[in-house]
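In: show me the folded form of this:
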Amino acid sequence: MNTVLDAPAAITTAAKGNLLLVDDDADILKLLSIRLKASGYQVMTATSGEQALSMAAAERPDLVVTDLRMAGLDGMALFHEIERRHTGLPVIILTAHGTIPDAVAATRQGVFGYLTKPYDSNELLAQVNRALTLHGSAAPARREDQSWHSEIITKSPLMEDLLLRTERVAQGEASVLIQGESGTGKELLARALHNASRRAGKPFVAINCGAIPEALLESELFGHKKGAFTGATSDHPGLFVEANTGSLLLDEIGDMPIALQVKLLRALEAREIRPVGSTKTIPIDVRVISASHKDLNQAKADGTFREDLFYRLNVVTLRLPALRERREDIPLLLAHFLQRLSERYDKAVTAFAPEALEMLIAAPWPGNIRQLYNVAEQVVALSSGQIVSAKIVEQAMQLEMQRIDSFEDARRRFEYDYLTRLLKLTQGSVTQAAKLAKRNRTEFYKLLQRHSIEAAHFKPTTP
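Out: Below you'll find the model as predicted:
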């Protein structure tokens, strides 16, 4: 179980969480309400699932306690709607003895827990407290200093709700899974969570699990000893050690190979790691934040992501909305980008013409904020005046659709293709490949290392 640590001195203690109770039995609703209010919780009540959804949208509760069997929208249907509209909001289900199997099945789908009727008061309070603690909802009130998320530009109610939940979650030590499409800013949110936590000021380390070859990813995470494998010319501490006492972001965790998922789970459970080639373990104190654009629930069902690791990482889920869901932020983001890019390009581009801004707000933005930034950069590069016209925006968006690679990206792709062709041609002989490339062996080995290419993989296999 995760432990909630003492809040920083800069934050003042707030009242207990705000609960939403849902039951079509007025007597049970009244008893629950009296018991929880007496324990210091703020309580709202709803007599149907439909009414509960409306109240959740207006009041943003910290926890929902609902009956399983109700007319109309029942407890499970209510849970699924809450999961879709308010990701990360915990739900506890009340169930009669005859429906316990249904309640157990519900917990496997993501319901936080269940209580049988007639409920035990102590068990009720324990479950409520545990749900609020693990989900950060019993956290202190918002701090006056909001610099912890200064890099996140927004006025969207969706984002404000997400930042409030992020700040609450940050006060505990629960593992957090950030879900969101590519380009929505998952690393920015992870960094903001770190800045709002007690670990602020300690290391924040990020790694993209999908961008590093499988053979190197274990070494990058856990480190290695000198001589552990070819090329290991010195000890390497690894990112867990580098992030010790701080936070480690495992971006695109859904791309992590199954074999490495087992080792990661073991490290998280034991709170210690073993570098590749070592016989000794190293204790670690790291808060793990994971992120993925993939549906990890589906990956779990497909067998490409371990169920036990999923539940270990997914104590709290934060979902970043796509840019199309927060279009009111587009003018703010563009103004921010224009200011930064104008300084970089030494231009005085200050604003968009109204029709140009309308075009940008209405665009679909499948690449989200990253794509918006790319278009803003092209706009600044193409502009010759202070005001950006609709014609310039149209040209920039056409360029973005064509996706012209940067010189560095094009060269990197060419080098990789060139090196692999040479090694195929020479059947993995570095000496022959270096001669064909008119490079010395040392330089050629450096090129192979830069692109994580193993010459041995190109040698013919012995029958």
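In: helix/strand/coil for residue 32?
Out: helix (DSSP: H, G, I helix; E, B strand; the rest coil).
In: surely it meets residue 26?
Out: No - when contacts are counted by Cβ atoms under 8 Å, residue 32 is not listed as touching residue 26 (10.9 Å). (C-beta placed from N, C-alpha, C; glycine too.)
In: these two touch, right, residue 428 and residue 457?
Out: Yes - in this structure, residue 428 is within contact of residue 457 by Cβ under 8 Å, at 7.2 Å.
In: the two: which is more packed in?
Out: Taking neighbours as other Cβ atoms under 10 Å, residue 428 and residue 457 compare with residue 428 leading, 17 against 10.
In: mind listing what that one touches?
Out: 455, 456, 457, 458, 459, 460 (Cβ atoms under 8 Å, 6 or more residues apart in numbering).
In: also residue 304?
Out: 254, 258.
In: so it is in which element?
Out: Here residue 304, judged by DSSP states H and E, is contained in no helix and no strand.
In: pLDDT wise, what is it at?
Out: Confidence at residue 304, expressed as pLDDT, is 91.
In: give me phi/psi at it?
Out: phi -90, psi -10 (degrees, to the nearest 10).
In: any idea how far it lies from residue 212?
Out: 18 Å (Cβ to Cβ, to the nearest Å).
In: domain-wise, how is the chain divided?
Out: Annotated domains of the chain cover 18-134, 147-319, 323-402, 407-458 [automatic domain parsing].
In: straight-line length of the last one, end to end?
Out: Okay, so that is domain 407-458. 28 Å (Cα to Cα, to the nearest Å).
In: specify the local secondary structure of the residue nearest to the spatial centre of the chain.
Out: When the chain is reduced to its mean C-alpha position, the closest residue under Cα atoms, centre = their mean turns out to be residue 178, at 2.2 Å. What three-state DSSP gives for residue 178 is strand.
In: mind pulling up the pLDDT for it?
Out: Confidence score, pLDDT, at residue 178: 95.
In: quick check: nearest residue in space to it, chain neighbours excluded?
Out: residue 291 (4.2 Å; Cβ to Cβ, 6 or more residues apart in numbering).
In: roughly how far out does the helix or strand where the one you found lies sit from the chain middle?
Out: Residue 291 belongs to strand 287-292 when elements are defined using DSSP H and E. Offset of strand 287-292 from its chain centre (Cα atoms, centre = their mean, to the nearest Å): 6 Å.
In: top helix in the protein by residue count?
Out: helix 407-425 (DSSP state H).
In: what's the local residue count around residue 28?
Out: 16.
In: what's near enough to touch it?
Out: Per Cβ under 8 Å, 6+ apart, neighbours of residue 28: 67, 94, 117.
In: I'd say the first one and residue 32 touch.
Out: No - at 9.8 Å, residue 67 does not count as touching residue 32 under the criterion of Cβ under 8 Å.
In: report the angle between the axes of the strand or helix carrying residue 447 and helix 407-425?
Out: Secondary structure assignment for residue 447, by DSSP H and E: helix 441-450. The directions of helix 441-450 and helix 407-425 differ by 110 degrees, with axes from the mean of the first three to the mean of the last three Cα atoms, to 10 degrees as the criterion.
In: hang on, residue 159 in a helix?
Out: Yes - under three-state DSSP, residue 159 sits within a helix.
In: that one and residue 326 touch, don't they?
Out: Yes - the pair residue 159 / residue 326 is scored as a contact, 5.9 Å apart, by Cβ under 8 Å.
In: using CSV, write out every CA atom in stretch 172-190.
Out: What follows is stretch 172-190, C-alpha atoms only, in CSV (Å, rounded to 0.1, in the frame of the first residue of the first chain):
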residue,chain,number,x,y,z
GLY,A,172,1.0,11.2,-1.8
GLU,A,173,3.3,8.5,-3.2
ALA,A,174,0.8,6.6,-5.3
SER,A,175,2.1,5.5,-8.7
VAL,A,176,0.5,7.5,-11.5
LEU,A,177,-0.4,6.5,-15.1
ILE,A,178,-0.8,9.5,-17.5
GLN,A,179,-2.9,8.6,-20.6
GLY,A,180,-3.2,10.8,-23.6
GLU,A,181,-2.7,11.0,-27.3
SER,A,182,0.7,11.7,-28.8
GLY,A,183,1.6,15.4,-28.5
THR,A,184,-0.7,16.3,-25.7
GLY,A,185,2.1,17.1,-23.2
LYS,A,186,2.4,14.0,-21.0
GLU,A,187,5.9,14.7,-20.0
LEU,A,188,5.0,18.3,-19.1
LEU,A,189,2.2,17.0,-16.8
ALA,A,190,4.6,14.5,-15.2
